[in-house]
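Participant: No letters, just coordinates:
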């Protein structure tokens, strides 16, 4: 072919190439040990689910990780009774870093803001912040954040002979049965509740 003759094929084509599965985010290739592949794949599936969830719900999630900075507060000796007053101890016992006290696995922990009162019996109220750990096993009876058919919820998990149920902690709400054919995934187990006192 003459070097001055334009090529009839090859080159960049509009719309060609592998389609993005991460909402337009740039992707890179990464080699990982084979035993880690299913774990990372599940994490990526969770991430895609989060990206496609309702934007108003997704905006309430805050991921914890490398951004953590040390925050130490004084812990005073003794305890504070909720009954009759007792003499106060003047000695400071130690400093507590709230990050290590509340978050054992920063890379697997996120926060979510509660909307509603279905879990008030568990001490979880509207507007509270929940610390949720992905890597923790969602055992029977644990409070979990889950996605059921695209809807996010926080409930107590029940693993029974008839399958999974999501239990509220308020008699005004009914338990939720999780059908076998439902799109269901547990995002994590609630480990702490941050509640402001009026």
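Facilitator: Cool, the structure landed. All values reported here derive from a predicted model rather than from experimental measurement. Residues are numbered from 1 along each chain as shown.

Participant: Show me the helices in the protein, by range?
Facilitator: Assigned by DSSP state H, the helices in the chain fall at 37-52, 55-58, 98-102.

Participant: weakest of those helices in terms of mean pLDDT?
Facilitator: Among the helices of the chain, helix 55-58 carries the lowest mean pLDDT, at a mean of 41.

Participant: any idea which helix or strand of the protein has the worst average confidence?
Facilitator: Across the helices and strands of the chain, mean pLDDT, DSSP states H and E gives its lowest value to helix 55-58, namely a mean of 41.

Participant: In this structure residue 176 contacts residue 153, no?
Facilitator: Yes: between residue 176 and residue 153 there is a contact at 7.5 Å, judged by C-beta atoms under 8 Å. The C-beta positions use only the backbone N, C-alpha and C, and glycine is treated the same way.

Participant: Any chance you could list residues touching both of these two?
Facilitator: residue 166 (C-beta atoms under 8 Å, 6 or more residues apart in numbering).

Participant: I'd like the distance between residue 170 and residue 185.
Facilitator: Using C-beta to C-beta, to the nearest Å, residue 170 is found at 24 Å from residue 185.

Participant: how many neighbours does residue 99 have?
Facilitator: Other residues within reach of residue 99, judged by other C-beta atoms under 10 Å, total 16.

Participant: Going forward, the N-terminal residue is numbered 794.
Facilitator: Got it, the first residue is 794 from now on, which makes the last one we talked about residue 892.

Participant: Hmm, residue 902 and it touching each other?
Facilitator: No: if you go by C-beta under 8 Å, residue 892 and residue 902 don't touch, sitting 9.9 Å apart.
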